[in-house]
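*Asks:* 3D, please:
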Amino acid sequence: MASAEADLAYTGQAFPECPVCIHRVEPEGSLPFCTLRPAGTAHPFAALADLVLPE
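*Replies:* Model (predicted):
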């Protein structure tokens with residue numbers, strides 16, 4: 001799936017560098033997450049490519 005938008009994902013903090021990484025997001029009232037998608041994983045919206053909407 002090609003997109004001009006930033007490639008984002010919401011992944012766990014799995015690496016020792018995560019606490020100081022620029023991709024870390026700390027939402028108020030929730031756990032921190034990463035917005036960087038690991039290489040080789042599917043685009044977050046790839047599943048929508050096969051979605052068929054009724055007319």
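*Asks:* lowest-confidence helix or strand of this structure?
*Replies:* Lowest by mean pLDDT, DSSP states H and E among the helices and strands of the chain is strand 8-11, with a mean of 61.
*Asks:* Show me where the protein has its strands.
*Replies:* 8-11, 24-25, 33-36 (DSSP state E).
*Asks:* what's the spacing between stretch 28-35 and its chain's center?
*Replies:* Taking C-alpha atoms, centre = their mean, to the nearest Å, one finds stretch 28-35 lying 12 Å from the centre of the chain it belongs to.
*Asks:* any idea of the mean pLDDT for it?
*Replies:* The pLDDT scores in stretch 28-35 average 84.
*Asks:* List the buried residues in it.
*Replies:* Phe33, Cys34 (16 or more other C-beta atoms under 10 Å). (Glycine included, C-beta is placed from N, CA and C.)
*Asks:* For it, measure first residue to last.
*Replies:* 16 Å (C-alpha to C-alpha, to the nearest Å).
*Asks:* Kindly report the same for stretch 37-45.
*Replies:* 12 Å.
*Asks:* same check, this time on stretch 27-47
*Replies:* Using C-alpha to C-alpha, the end-to-end distance of stretch 27-47 comes to 26 Å.
*Asks:* Repeat that for stretch 48-55.
*Replies:* 17 Å.
*Asks:* Same question for it: list its buried residues.
*Replies:* So, applying 16+ other C-beta under 10 Å, stretch 48-55 has no buried residues.
*Asks:* quick one: low-confidence ranges for the chain?
*Replies:* Scanning the chain for pLDDT under 70 picks out the ranges 1-11.
*Asks:* One more pass at 80, please.
*Replies:* 1-14, 35-47 (pLDDT under 80).
*Asks:* ok, which stretches of it are helices?
*Replies:* Taking DSSP state H as the criterion, the chain contains no helices.
*Asks:* Surely Val25 and Leu31 touch.
*Replies:* No: using C-beta atoms under 8 Å, Val25 is not in contact with Leu31, being 10.0 Å away.
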